[in-house]
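**Q** Mind folding the following:
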Amino acid sequence: MNTTLQRVIVLSLLVLLMAATRTHYFTHFTPVPDASWAVFFIGGFYLRGWSRWAFPLLMVLAVGIDWAVITGQGMDFWSHYCVSPGYWLLVPAHLAMWLGGLWLRRGYRGASLAALGKLALAVVASTALCHLFAQGGFYWTSDSVADPTVAGWAKNYADWFPPYLRATAMFVALAAIAQVVCEQVVRHARPLAQEAKARDRDLR
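**A** Now for the predicted structure:
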């Protein structure tokens, strides 16, 4: 499978994952959290060469899903509780996740304890920064917060960070497991392929 095909498959899976969880279509039946933050992190890791257009594509998809869900409920998009001037800070918020994936990919040579530690650091740091933009944008600019204060912002940030980190880490962990499995399959398949080629040469 060539690199382009691999990227197409990854991008398609990320689009489907975001569409399924951000719309909350399945959350009516199962407690599946929004995978959007993890989608951008995973995208940064696998789609490094396509960043110039893959990130904007996923960003447009995220906004499009929000618009479709809100207007589909008969509400005006710009009057919705979750939409404020700070809504557009979701762009740098999601970019923080993408950059976290890019940083993790840099120098990656395969699964190892060092790579696992770097993964944990990247997920926590990028999620913390993403949450800073997303939560801060809402808290400081939304009319829903009547009397914003630094103390109130800090408490709100601390209250919501663990569940967002937990959801992001869950999806990233699943992607990491899939990565390790693929690496093991390739590692074991390569000697078998070389052995088959050698046997074929001997038969000739």
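**Q** Helices along the protein, start to end?
**A** 3-22, 36-46, 51-72, 90-105, 113-141, 150-203 (DSSP state H).
**Q** would a markdown table of those helices with mean neighbour count be doable?
**A** Where C-beta positions appear, they are placed from N, C-alpha and C, glycine not excepted. As requested, the helices of the chain are arranged in a markdown table below (neighbours: other Cβ atoms under 10 Å):
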| stretch | mean neighbour count |
| --- | --- |
| helix 3-22 | 15 |
| helix 36-46 | 27 |
| helix 51-72 | 15 |
| helix 90-105 | 21 |
| helix 113-141 | 18 |
| helix 150-203 | 13 |
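**Q** Can you say which of those is nearest to residue 84?
**A** Of all the helices of the chain, it is helix 113-141 that lies closest to residue 84, at 4.7 Å by Cβ to Cβ.
**Q** one step back: which stretch in the helices of the chain is the model least sure about?
**A** Looking at the helices of the chain, the lowest mean pLDDT belongs to helix 150-203 (a mean of 84).
**Q** Save the helices of the chain as TSV, and put in distance to residue 79 too.
**A** Shown next, in TSV, are those (distance: least, Cβ to Cβ, whole Å):
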stretch	distance to residue 79
helix 3-22	20
helix 36-46	22
helix 51-72	9
helix 90-105	18
helix 113-141	15
helix 150-203	22
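**Q** Please consider this matter closed, and thank you.
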